Structures are given as structure tokens and as C-alpha cells.
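Engineer: what follows is a predicted protein model with its sequence.
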Amino acid sequence: MRPSSLLAAAAAIVTLAVPAVAGAAEPGSLQTLPRVAQGEVGVHEPSKQVDRYNATAGAPKGSPWSVSFVVWAMWQAGYPTADNVTSGPSLAAWARKLGQLRRGLPSAGDVLLATPGAPRVKALGAAVVLGRPRSGTVRAVAGNVRDAVRYVTLPVSAASSYISL
């Protein structure tokens, strides 16, 4: 099979694997990860959309969905992750394998991985960074924050690492 045929077949498989959601970017589009994440602000549980987040990440229905939200947003923005990436550590392991796991200050479009137990983090596993840290904080969009997708401001110290896409 020619390389162009392989690419077309792979694109068709990715398109079929990602649940379609009105208003979301199609995989591989030019829409950025922050824009996709911001489009979900206000989604709350229980809802079919939260179930889609978990299904995309490979998590069972009713699972904690902070990381599932980020994985779904990554798929929608054209950055498919591995199957069964359902926790901060599994998302970090996936990024480490690809050489995309970083330490330091994240930028817009990066995925912040939270330090368990850090102040103001609680159960947050991951969030989509909206901009560079200012005054020691990161502005982001996160899922499963008081049972909804919300804007959050986190201290830079809350980030154990980040994924550079």
C-alpha cells in the first residue's frame, strides 16, 4: 500500500474512533487545544458528554474524569493519545515515551500535569493551559472541578510536569 493510502486509511480510523460532538474540532484540524477545551466550559456531570470524555480515554462510565476530559480535548484537537490513558501517571507515561514530557513553565496549548496533594489541586490530574504563568499562576481549563469543566487558576507549584504538544 502506498504511503498516501496508508495516511488516508489512518485518518479514516482516527475519525471513526473519536466521538463526534457538535461544535468540537475534527481530529487533525487547525483548531487549537485551548479553543477546544474552552468550548466545553460549563459541561457538568452527570451528562452524556462526560460519558464521552471517559469513553475516549478508555475509562469506565462514572470514573473520575479530569484526565479523560483532557484526553478527549486532545483527540478533538488532533492529538490522539494511546488507549486507556485514564490517569495523570498514565498520561505522563504516554508523553514520556514520545519525548513530550517537560518540566518548567508551560505555555498556551500545553497540558499541565498536577502534583497530587498540591495546594488547590485536590483530585485534579490534568488541565489545558491557556497562557503563560503570570505572578506564579497558570490559567487553564480543567474537567471534574466541582463536577464540571471550569476555568481554573493554579499556582505554578501545582504542576509536576507538562506535556508539550
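Structural biologist: Great, that's in hand.
Engineer: how about the strands in the protein?
Structural biologist: 101-102, 111-114, 126-129, 137-145, 148-155, 159-163 (DSSP state E).
Engineer: take those strands and lay them out in CSV including mean neighbour count, distance to K61 and mean pLDDT.
Structural biologist: For the C-beta atoms, the positions are set from N, CA and C on the backbone; glycine is no exception. Converted to CSV, the strands of the chain look like this (neighbours: other C-beta atoms under 10 Å; distance: least, C-beta to C-beta, whole Å; pLDDT from 0 to 100):
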stretch, mean neighbour count, distance to K61, mean pLDDT
strand 101-102, 18, 29, 94
strand 111-114, 27, 23, 90
strand 126-129, 28, 20, 93
strand 137-145, 23, 14, 93
strand 148-155, 18, 17, 91
strand 159-163, 22, 25, 88
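Engineer: got TSV for these, with distance to R35 too?
Structural biologist: As requested, those are exported to TSV (distance: least, C-beta to C-beta, whole Å):
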stretch	distance to R35
strand 101-102	22
strand 111-114	14
strand 126-129	10
strand 137-145	10
strand 148-155	14
strand 159-163	17
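Engineer: skipping adjacent residues, who's closest to the residue nearest in space to the middle of the chain in space?
Structural biologist: The chain has V70 as the residue nearest its centroid, 1.7 Å off, counting by C-alpha atoms, centre = their mean. Using C-beta to C-beta, 6 or more residues apart in numbering and skipping the chain neighbours, the partner closest in space to V70 is A126 (4.2 Å).
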